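Peer 1: Sequence and computational prediction follow.
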Amino acid sequence: VKDEDDEEDLPEAQVGTFKAGEGKWGSCVRIINPSNLTAVFKLDLDIDEAALCLTVCYFSQLANQPCLVVGTVYNMTLYPRHAPKATIKTYMYDERYHLQLIHSTPLDDVPLCLFPFEGRLLVAAGRTLRIYELGKRKLLRKCEYRGIPEGIMWMHATGDRIFCGDLRESLHVFKYRKARSEEHTSE
């Protein structure tokens, strides 16, 4: 029979770390050099902020300048999935991969998947699929499709077709009609 004092002195590697409570998160964005597997840059996010998805996007407004786009949430609970605050953070980076925040765009739901699309950004937020364009102060919403049965977890685009996989393992195919979406955004 061991003493309780002996159990408290065990190293963290054997016992593990303390588990955070509900809505508590710790997250970072780490850029790894694939040739030697070393960390080139690490960006720590705010307390209780979690990075859920990211992509590299070439926006039409920035010629040949890649941007790292990260979907984050604050104080998120998993069941039911809810976050009081959600954002899309857009970073520019140079050849040494130092991230510089351009802007943070607020969202009304949890961002689940991001994908570059024709110089814009596809965002799956909750049960909505949106297309955003780069603006001066934030990302600008150009068009959206509401009413997807479950959140989209996977996306790919070929030409004007957008293929999406959702949480229920269903597949959705969307066709982007540029002329029609421009009519709706001009109203």
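Peer 2: It's in. Numbers count the residues shown, from 1 in each chain.

Peer 1: who touches Arg127 in this structure?
Peer 2: Arg127 makes contact with 109, 146-151, according to Cβ atoms under 8 Å, 6 or more residues apart in numbering. Quick note: C-beta positions are derived from backbone N, CA and C, even for glycine.

Peer 1: wait, isn't His156 in contact with Phe163?
Peer 2: Yes - at 4.9 Å, His156 counts as touching Phe163 under the criterion of Cβ atoms under 8 Å.

Peer 1: related to what we said a few turns ago, top of the contacts of Arg127 by neighbour count?
Peer 2: Ranked by neighbour count (other Cβ atoms under 10 Å), these have Gly151 at the top, with 20 neighbours.

Peer 1: residue contacts, the nearest residue to that residue once chain neighbours are set aside?
Peer 2: Spatial nearest neighbour of Gly151, excluding adjacent residues (Cβ to Cβ, 6 or more residues apart in numbering): Leu112 at 4.6 Å. Counting by Cβ under 8 Å, 6+ apart, Leu112 makes contact with 52-53, 71, 124-126, 151-153.

Peer 1: what about the nearest residue to Ile47 once chain neighbours are set aside, which SS state?
Peer 2: Spatial nearest neighbour of Ile47, excluding adjacent residues (Cβ to Cβ, 6+ apart): Gly26 at 7.6 Å. Assigned with DSSP: H, G, I helix; E, B strand; the rest coil, Gly26 falls in the coil class.

Peer 1: Gly26: neighbouring residues, count only.
Peer 2: Residues lying near Gly26 (other Cβ under 10 Å) number 12.

Peer 1: Give me the distance between it and His82.
Peer 2: Distance of Gly26 to His82, computed by Cβ to Cβ, to the nearest Å: 19 Å.

Peer 1: Kindly report the same for Tyr176.
Peer 2: Distance of Tyr176 to His82, computed by Cβ to Cβ: 30 Å.
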